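>>> Structure of the sequence below:
(2 chains)
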Amino acid sequence: MNGYALWMLTRRNLKIFLKDRANVFFSLLAPLIVLALYALFLGRLQEDGILAALEGMGIAGGEDAVKAFSDSWMLAGAMSCACITVPLCACGIMIHDKTRGISADLRISPVAKWVTPASYFCSVVAAGLAIGLIVLGVCFVWLAAAGMWHLTFADAMGCLGALVLSVLSSSTLLVFIVGFFRSEGAFTALNVILGTVVGFLIGAYMPITYFPDAVQKFTFFIPGSYTAGLFRNFMMRGALDEIAQLSPAFAEGLREQFSLTFDFFGLEVGVGGMFAALAVAGALFAALNVLAAYLRRRARS
Amino acid sequence: MQDNLPFSDFGEEVVRAEGLRKTFTLSRKQQRLEHTDFPRKVALDGLSFSAQRGEIYGLLGPNGAGKTTTLRILSTLISPDAGDAFVCGHSVRKEPGKVRDVIGFMTSELKLEGFFTPSYLFDFFGAMHGVEKGALAQRKQELFARFGIDRFAEVKVSDLSTGMLQKVSLVISIVHDPAVVIFDEPTNGLDVLTAKVVIDFLLELKAMGKSILLSTHIFSLVEKLCDRVGIIIDGKMAADGKLQDVCGEMSLEDKFFAIYRSIKGDAV
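Model prediction:
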């Protein structure tokens, strides 16, 4: 019975999220802002800067590779934002049920107590994965249509893996945080603040290396940074390899500047480390969610 | 319809509360609102009563008397600090799952999402209560026909009238055919027409053999609906019994204030 109830509740939560078109749109606002800023000026700024640096080194050509590199960086940023903002907006159902007293109705049904919190988590993950997959599809179509597809099959699968792990990880974190909110107003404020700063914190608007050292160190403790790192690795690797054919040293410089690897207090974090960081963050916040649910139940009684 | 089965296990007493005690910690803000410096509030202070099969039992009392706390304990939403309560013979402390199986809990608040249909919501809450699909379909057909919802089964909730909406909400809360229906402030904040829908619904439930426990501070509602009444003041049962036994020759309102004065002095 509990399994079927979990399925029904998850479906219901997901339906409520998807039926609210405005909510779905706003969940994609941060990625759309990344795209808009890039289309307006960031893209040109980025390309011109890299091409000028290449010219300064006496290397001509490479326009296509640089454009592919810049576009991939922007798309990786948009994708990373979506992995955070979509689950965040999907968490709104928790507040909706709490403020309207529906949580109490669900608690007095004879399903096990873990079912309702678990359904919130499942629906947040499902919303993140469903919309994330669509956004990833759009990114792939963009790259292919513009003739900038440099991804291998392994890279594409890597993107899928990064999407799944990132959504799982950010969902555990966000469900934990939103669990403490009790009003629509407070949740909206969180949504606005996080939606605004997330693009900066994960380096979607500009590379994290442009920020002061302290801010860079702070971003190492945000799981979203590792999400962005993974997408950059898988989406930009092909374009970076082409640039490396022009100048390996220059390509290595770009890899560091655009945070394809992290220097975590002297420890170089590559793709494996990023996956591990996301998994650890997900496990940590999953444990905290279980603890918080237990403490909430005890406080209620 | 299952009509309050099985009752043979525990006789006619469908609800029995024994020495329920519950205290809440008050936040600073709550202390200001309650005009008190004490950080704890005693909501229930040894409350005991029982409700019988097939009857409507009304818990009557002023705001803050402990009515809702009692119903929340009976619904297993919160646990008592001391004492225990039994619903259809099941302890709210030891067998909360079994208690939830046999109760329907309602409030006058509407909590239905506008874009769902009554049919979807009935099925959804049926699944939450573990009602088997075939039985659920049959029950939906019966209840929707009985309360005139059948013509609106596939209409979006947002397009229904307030009265119909209230009916849908009430029917959904008995989707699992509970033996005992617990209703917190059934007509609170409702207009007269919608309040009539609720009152008629409760009478219909009684006719179906359900046992009903409701809380209210409205004298006329108790007089109209209840077979037995319990008057709660400051978390204690001040009077309990059949309506005519509690009131005697007095009206319920006069009797209530006489009891209230005897406990609280002239501070009415």
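>>> From now on I want contacts and neighbour counts done on CA atoms only, so please keep to that.
Will do.
>>> so how far is the first residue of stretch B:152-168 from its last?
Chord length of stretch B:152-168, first to last residue, is 10 Å (Cα to Cα, to the nearest Å).
>>> can you check stretch B:152-165 too?
10 Å.
>>> Export the helix or strand of chain B with the lowest mean pLDDT to PDB, keeping only CA atoms.
When each helix and strand of chain B is scored by mean pLDDT, DSSP states H and E, helix B:28-33 comes last, with a mean of 82. Backbone C-alpha positions of helix B:28-33 (Å, rounded to 0.1, in the frame of the first residue of the first chain) are rendered in PDB as follows:
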ATOM      1  CA  ARG B  28       7.600  34.700  23.100                       C
ATOM      2  CA  LYS B  29       5.100  35.900  20.500                       C
ATOM      3  CA  GLN B  30       2.500  33.400  21.700                       C
ATOM      4  CA  GLN B  31       3.100  34.500  25.300                       C
ATOM      5  CA  ARG B  32       2.400  38.100  24.300                       C
ATOM      6  CA  LEU B  33      -0.800  37.100  22.600                       C
END
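>>> Quick one: list the elements packing against it.
Contacts defined by 3 or more Cα pairs under 8 Å, 6 or more residues apart in numbering or on different chains; DSSP states H and E place helix B:28-33 against no helix or strand at all.
>>> Name the residues that touch stretch B:158-177?
With Cα atoms under 8 Å, 6 or more residues apart in numbering or on different chains as the test, stretch B:158-177 has contacts from B:1-3, B:102, B:104-106, B:108, B:110-115, B:118, B:121-122, B:125-126, B:129-131, B:136, B:139-140, B:143-144, B:147, B:149, B:152, B:157, B:181, B:193-194, B:197-198, B:201.
>>> can you give me the helices for the stretch 101-250 of chain A?
A:102-107, A:115-145, A:153-178, A:184-201, A:213-219, A:223-246, A:248-257 (DSSP state H, counting those that start in this stretch).
>>> quick revisit: next, the buried residues of the least confident helix or strand of chain B.
Across helix B:28-33, burial judged by 16 or more other Cα atoms under 10 Å in any protein chain shown covers residue B:31.
>>> which residues touch the next helix-or-strand element following it?
Per DSSP states H and E, the first helix or strand lying C-terminal to helix B:28-33 is strand B:40-52. With Cα under 8 Å, 6+ apart as the test, strand B:40-52 has contacts from B:12-26, B:57, B:64-66, B:69-70, B:83, B:211, B:213, B:228, B:230, B:234-237, B:240.
>>> what do you get if the cut-off is 6 Å, keeping everything else the same?
By Cα atoms under 6 Å, 6 or more residues apart in numbering or on different chains, the residues outside strand B:40-52 that reach it are B:12-26, B:66, B:235-237.
>>> The top helix by length along chain B packs against which elements?
Counting by DSSP state H, the longest helix found in chain B is helix B:192-207. With contacts defined as 3 or more Cα pairs under 6 Å, 6 or more residues apart in numbering or on different chains; DSSP states H and E, helix B:192-207 has no helix or strand neighbours.
>>> which of the helices of the stretch 101-250 of chain A has the lowest average pLDDT?
Sorting the helices of the stretch 101-250 of chain A by mean pLDDT places helix A:102-107 lowest, at a mean of 79.
>>> list the helices and strands it packs on?
By 3+ Cα pairs under 6 Å, 6+ apart, helix A:102-107 packs against no helix or strand.
>>> Doesn't residue B:166 lie inside a strand?
No: looking at residue B:166 with DSSP: H, G, I helix; E, B strand; the rest coil, it is helix, so not inside a strand.
>>> how far out from the middle of the chain is the least confident helix or strand of chain B?
From the chain centre to the centre of helix B:28-33 is a distance of 28 Å (Cα atoms, centre = their mean, to the nearest Å).
>>> So what's the residue count around the residue in the stretch 51-200 of chain B positioned nearest to chain A?
Among all residues of the stretch 51-200 of chain B, residue B:78 sits closest to chain A, at 4.3 Å; criterion: Cα to the nearest Cα. Here the number of neighbours of residue B:78 (other Cα atoms under 10 Å in any protein chain shown) works out to 20.
>>> ok, now residue B:34?
Residue B:34: 12 neighbours (other Cα under 10 Å).
>>> Now it. Its backbone dihedrals?
phi -90, psi 0 (degrees, to the nearest 10).
>>> Look up how far residue B:63 lies from it.
12 Å.
>>> What parts of the stretch 101-250 of chain B come near chain A?
Residues of the stretch 101-250 of chain B found near chain A (Cα under 6 Å from any Cα of the partner chain) are B:101, B:127, B:128, B:129, B:130.
>>> which bits of the stretch 101-250 of chain A sit near chain B?
Contact residues, the stretch 101-250 of chain A versus chain B (Cα under 6 Å from any Cα): A:108, A:109, A:110.
>>> Redo those as JSON lines? Include neighbour count.
Shown next, in JSON lines, are those (neighbours: other Cα atoms under 10 Å in any protein chain shown):
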{"residue": "A:108", "neighbour count": "24"}
{"residue": "A:109", "neighbour count": "27"}
{"residue": "A:110", "neighbour count": "21"}
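>>> Need those residues in CSV (columns: pLDDT).
Shown next, in CSV, are these (pLDDT from 0 to 100):
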residue, pLDDT
A:108, 78
A:109, 80
A:110, 79
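>>> Would you convert these into TSV that also reports distance to residue A:77?
Listed next are these as TSV, based on distance: Cα to Cα, whole Å:
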residue	distance to residue A:77
A:108	43
A:109	43
A:110	44
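>>> where along the stretch 1-150 of chain B do the helices fall?
Applying DSSP H, counting those that start in this stretch to the stretch 1-150 of chain B gives helices spanning B:28-33, B:67-74, B:96-102, B:118-128, B:133-146.
>>> Quick check: buried residues in the fourth one?
Just to be clear, that refers to helix B:118-128. B:118, B:119, B:121, B:122, B:123, B:124, B:125, B:126, B:127, B:128.
>>> For these, which two are the farthest from each other?
With Cα to Cα as the measure, no two of these lie farther apart than B:118 and B:128, at 15.2 Å.
>>> Tell me the gap between the longest helix of chain B and the middle of its chain.
Distance, centroid of helix B:192-207 to centroid of chain: 13 Å (Cα atoms, centre = their mean).
>>> what's the answer for stretch A:146-154, then?
Per Cα atoms, centre = their mean, the centroid offset for stretch A:146-154 relative to its chain is 21 Å.
>>> That stretch: end-to-end distance?
End to end - Cα to Cα - stretch A:146-154 spans 21 Å.
>>> Low-confidence ranges, the stretch 151-268 of chain B, go.
For the stretch 151-268 of chain B, applying pLDDT under 70 flags the ranges B:266-268.
>>> in it, which spans are strands?
B:180-184, B:211-216, B:228-233, B:236-242 (DSSP state E, counting those that start in this stretch).
>>> so can I have a markdown table of the residues of the stretch 101-250 of chain B next to chain A showing pLDDT?
Putting these into a markdown table (pLDDT from 0 to 100) gives the following:
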| residue | pLDDT |
| --- | --- |
| B:101 | 88 |
| B:127 | 88 |
| B:128 | 87 |
| B:129 | 87 |
| B:130 | 87 |
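>>> Quick check: the two most widely separated of the residues you listed?
For these, the farthest-apart pair by Cα to Cα is B:101 and B:127; their separation is 12.6 Å.
>>> List the buried residues in stretch B:240-256.
Judged by neighbour count (16+ other Cα under 10 Å), stretch B:240-256 contains these buried residues: B:240, B:241, B:243, B:246, B:247, B:252, B:255, B:256.
>>> which residues touch the spatially closest residue to the third one that is not a sequence neighbour?
In space, not counting the residues next to it along the chain, residue B:243 is nearest to residue B:228; the distance is 5.2 Å by Cα to Cα, 6 or more residues apart in numbering or on different chains. Neighbour list for residue B:228: B:57, B:241, B:242, B:243 [criterion: Cα under 6 Å, 6+ apart].
>>> Pairing partners for the third one in the sheet, please.
Partner residues in beta bridges with residue B:242, using DSSP bridges, are residue B:228.
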